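# With the sequence up front, the predicted model follows.
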Amino acid sequence: METTRALTKTGGITETGLKWIALVTMVMDHIHYFFGFTGMIPEWFSMLGRLGAPLFLFCLVEGFTHTHSRKKYFAKVYILSAAMSALLFFMAFGGILVRPDGFYPGNGMMTTFAVLMVIWQGIDWLGQKKVLPGLAAVILPLAWPILASQLSVAFPALATPLGFAAYSVLPTWGTTGDSGWPVLVMGLVLYLFRKRRGVQVAAFSVYYILYGVVYMAAIASAMAPDFVWWQLFTQYYEIYGILAAPLMLWYNGRRGGGHKLLFYAFYPAHIYILYALSWGLYLLLN
C-alpha cells in the first residue's frame, strides 16, 4: 500500500480544493435534480454538475491509494452506502417517504464508491500474486447484480430479502444512475492508470470521449430520430464531465486542509435536506 503522496508541483490545487469544486458542482446538479419540476432552475446547473462525479472519483482514488487504513476508509463509505441504499429500497419498493408526484432521490454514489474500493483492492491483490482473493474481490462485486437477479427468479420467496440485501449490506452497482456502469468504468480507468498522472488523465479523457460523445450519440440517435450532434452539448450533455481533466492535471499531490468529516456528512445531509425542501415547495405549488 502506498502511504506517501508524490508531490507533483509546488503550486496547483490540493485534494481538498478538488473536493470543494466537486461539492459545489454536485450541489448545483442536485438543485436542478430536486427542483427541476418548477421549471425555474437553469439547465447549466446540471451541465456544471457533471464535474462532480469525476472529481470525487479522482479524490477517492487518491485517498484509497494513500490512506493508512483502507479498512477504516472503506468502513466510512460502506456505512453511508448501506444506510442510504436501505432507505432508497423502502422508497422505491415500499412507497415510503415518496413525494406526492412519485419522485424520490435515486442518489447512489456511495454505493459506487463501496463497490469500486472492493474491486480496487482485488486489483492490488492480483498484482501481489494473491490470485484467489484478488479474483474474488474483482469478480464477485461485478457479478453480484446478475446473481441476485437470477436467484430472485429461481426462488421468488427470496426476492424481497435479496433485494433488500442488494440495496444495503451487499452493495449492488446499477441500482441507480449514480451506480451505473459509466461511473464504475470511470473509477476503474482512474485507478488502473493512477501511477502516472498524465497517462491517467489521458485515459480518462479518452473514456469520456467514448462515453460522452460516441455512446451518448448512439443512445440519443436511437431515442430521437431527429437528433443532431450539437444536442450533445445542450440535451445529452454527459461530455461536460471531461472538463474535470485539466483540474486533475492541476492537482499538486497534496492532501490539503482536511475537512474529512464534512465531506462524509455533507453528502447524505444535503440530499435529504434538498429533498425535504423540494417536497415542501411541491405542496405549496400544488
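Perfect, thanks for sending it.

# contacting residues around stretch 148-165?
Stretch 148-165 is contacted by residues Ala86, Phe89, Phe93, Ala166, Leu170, Thr172 when judged by CB atoms under 8 Å, 6 or more residues apart in numbering. The C-beta positions use only the backbone N, C-alpha and C, and glycine is treated the same way.

# Now that stretch: buried residues?
Buried residues in stretch 148-165, counted by 16 or more other CB atoms under 10 Å: Ala148, Ser149, Ser152, Leu162, Gly163, Phe164, Ala165.

# Just the residues you listed: which are in helices?
Those of the buried residues of stretch 148-165 mapping onto helices are Ala148, Ser149, Ser152, Leu162, Gly163, Phe164, Ala165, per DSSP state H.

# just the buried residues of stretch 148-165 now: which is nearest Gln231?
For these, the minimum distance to Gln231 (CB to CB) is 33.2 Å, reached by Ser149.

# Run a quick neighbour tally on Ala203.
Neighbours of Ala203 under the rule other CB atoms under 10 Å: 16.

# now swap in the one 5 residues further on and tell me
The criterion is other CB under 10 Å. On that basis, Tyr208 has 23 neighbouring residues.

# just checking, it touches Tyr240?
No. Contact criterion CB atoms under 8 Å: Tyr208 and Tyr240 do not qualify, at 9.3 Å.

# remind me which residues of the stretch 1-150 of the chain are low pLDDT?
1-10 (pLDDT under 70).

# what ranges do the helices span in it?
In the stretch 1-150 of the chain, the helices defined using DSSP state H, counting those that start in this stretch lie at 15-35, 44-49, 52-66, 70-94, 109-127, 131-154.

# Am I right that Gly52 is in contact with Leu18?
No. Using CB under 8 Å, Gly52 makes no contact with Leu18, being 10.7 Å away.

# Spatially nearest residue to the residue positioned nearest the centre of the chain, not counting backbone neighbours?
Central residue of the chain (CA atoms, centre = their mean): Met109, 3.6 Å from the mean position. Nearest residue to Met109, sequence neighbours excluded (CB to CB, 6 or more residues apart in numbering): Asp178, at 4.4 Å.
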